[in-house]
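Visitor: got a sequence here, can you build the structure:
(chains A and B)
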Amino acid sequence: MAAVIFFIASIVVLAGAIGTVVLRNAFYSVLALVCHLLGLAALFLLLRAEFVAAAQVIVYAGAVMVLYVFVVAYVGGGEQPLRRPSGRGLRGISLVFAGALLAELLIATLGSGLSVLDAKGAGFFPAFGSPAEMGRLFLTKFLLAFELASMLLLLAAVGAVVLARRRSGLDDPREVSVADLLRSDASGTISDAERGSLQEAVGPAGR
Amino acid sequence: MSVSWYLAVSACVFCIGTAGVLTRRNPLVILLCLELMLNAANLALVAFARAHGNQEGQVFALIVLVVAACEVAVGLGLIVALYRRRLPVDVDELRELRG
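Guide: Here you go, the predicted model:
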């Protein structure tokens, strides 16, 4: 029974992955990735990782994919069918490179002869991979990683807002510079006293 | 099912993701292919955790999940900023990093 579920889930996972890469429309790529993630959650359940599977479905297939769908709808995501003539050779080379990487990975993992890989897995206790066990590990042994992950999430949220917010007064929209991205609105951060001193320093015709 | 089957699936997904990153030109799809590669690494981590009967691999997988979510947030923010400036959303056109 586990073998049947494994093969069905693997086919879903691989088909979703291929669909993500091959489909021309970015919207369909996102939908293929959702299928891929659901199949991957089934594989996680087979590997007794209940909490990872639940987090995968909720965080990835739920929240992150909704974010993708919104951005694809906003940007448009239309893939131009025209491709420049020099792209064909590079595409072939990159496919050859990916195939070589696959061969190398398969040799490294399956050809390693590790006895642990051929077994069905070590014994496990009934609560293996349950949310309670994950929480215990996160709050005892991996407390530093847990706190750093929360810090990283906060930084990413602030960074995303700073990058994607609407700003006005850009003279040349064709140029992107880091200074523009980091520049905040003049009225928001510089107080009146500071602006007065700045104008004194620059002179009345400074701006 | 022995653990090596899961590792084979993981290797296949990783290489499909690599091929996508190398061949596609839309940055949105490149981010999706990066997700594929991270998920393949996650599958390998969970498979090794099962093989050794040790839950710490699953903790690693959850941390990878967090990092992937952060990467998506910042990457999509960059794509939206590109689109707002009417720049082409195509990695071949965006050759120059100007500070």
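
Visitor: what packs against the longest helix seen in chain B?
Guide: Secondary structure assigned by DSSP state H gives helix B:56-84 as the longest helix of chain B. When contacts are defined as 3 or more C-beta pairs under 8 Å, 6 or more residues apart in numbering or on different chains; DSSP states H and E, helix B:56-84 sits against helix A:50-55, helix A:65-75, helix A:131-140, helix A:143-164, helix B:27-52. Using the backbone N, CA and C atoms, a C-beta is placed for each residue, glycine as well.

Visitor: quick check: angle from it to helix A:143-164?
Guide: Taking axes from the mean of the first three to the mean of the last three C-alpha atoms, to 10 degrees, one finds helix B:56-84 and helix A:143-164 inclined to each other by 10 degrees.

Visitor: what angle do helix A:65-75 and helix B:56-84 make with each other?
Guide: Using the same axes, to 10 degrees: helix B:56-84 against helix A:65-75 is 10 degrees.

Visitor: could you pull up the contacting residues of the most centrally placed residue in chain A?
Guide: For chain A, the residue nearest the mean C-alpha position is A:Val64 (7.9 Å; C-alpha atoms, centre = their mean). A:Val64 makes contacts with B:35, B:68-69, B:72, as judged by C-beta atoms under 8 Å, 6 or more residues apart in numbering or on different chains.

Visitor: worst-scoring helix or strand of chain A, pLDDT-wise?
Guide: Ranked by mean pLDDT, DSSP states H and E, the weakest helix or strand in chain A is helix A:186-189, scoring a mean of 48.

Visitor: still on that earlier bit, a markdown table for the helices and strands packed on helix B:56-84, including distance to A:Gly89, mean pLDDT and mean neighbour count?
Guide: Formatted as a markdown table, the helices and strands packed on helix B:56-84 follow (distance: least, C-beta to C-beta, whole Å; pLDDT from 0 to 100; neighbours: other C-beta atoms under 10 Å in any protein chain shown):
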| stretch | distance to A:Gly89 | mean pLDDT | mean neighbour count |
| --- | --- | --- | --- |
| helix A:50-55 | 41 | 92 | 20 |
| helix A:65-75 | 29 | 89 | 17 |
| helix A:131-140 | 47 | 90 | 14 |
| helix A:143-164 | 34 | 92 | 15 |
| helix B:27-52 | 20 | 92 | 23 |
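
Visitor: so which of those helices is nearest A:Val96?
Guide: Smallest distance to A:Val96 across these (C-beta to C-beta): 17.2 Å, for helix B:27-52.

Visitor: so what does that closest one touch, helix or strand wise?
Guide: helix A:2-22, helix A:26-46, helix A:65-75, helix A:115-118, helix B:3-23, helix B:56-84.

Visitor: filter the contacts of A:Val64 to the buried ones?
Guide: Buried members of the contacts of A:Val64, counted by 16 or more other C-beta atoms under 10 Å in any protein chain shown: B:35, B:68-69, B:72.

Visitor: from the residues you listed, which two are the most distant?
Guide: Pairwise over the buried ones among the contacts of A:Val64, using C-beta to C-beta, the maximum falls at B:Glu35 and B:Ala69, 10.0 Å.

Visitor: quick check: neighbours shared by the two?
Guide: Shared contacts of B:Glu35 and B:Ala69, counting by C-beta under 8 Å, 6+ apart, come down to A:60, A:64.

Visitor: once you drop chain neighbours, what's closest to B:Leu31?
Guide: B:Gly75 (4.8 Å; C-beta to C-beta, 6 or more residues apart in numbering or on different chains).

Visitor: residues contacting that neighbour?
Guide: B:27, B:31, B:34.

Visitor: what's the pLDDT at it?
Guide: B:Gly75 carries a pLDDT value of 91.

Visitor: next one: B:Val64
Guide: So B:Val64 comes in at 93 (pLDDT).

Visitor: A:Arg91 too?
Guide: On the pLDDT scale, A:Arg91 is placed at 82.

Visitor: flag the shaky bits of chain A, pLDDT-wise.
Guide: Low-confidence segments of chain A (pLDDT under 70): A:77-88, A:115-117, A:119-123, A:167-207.
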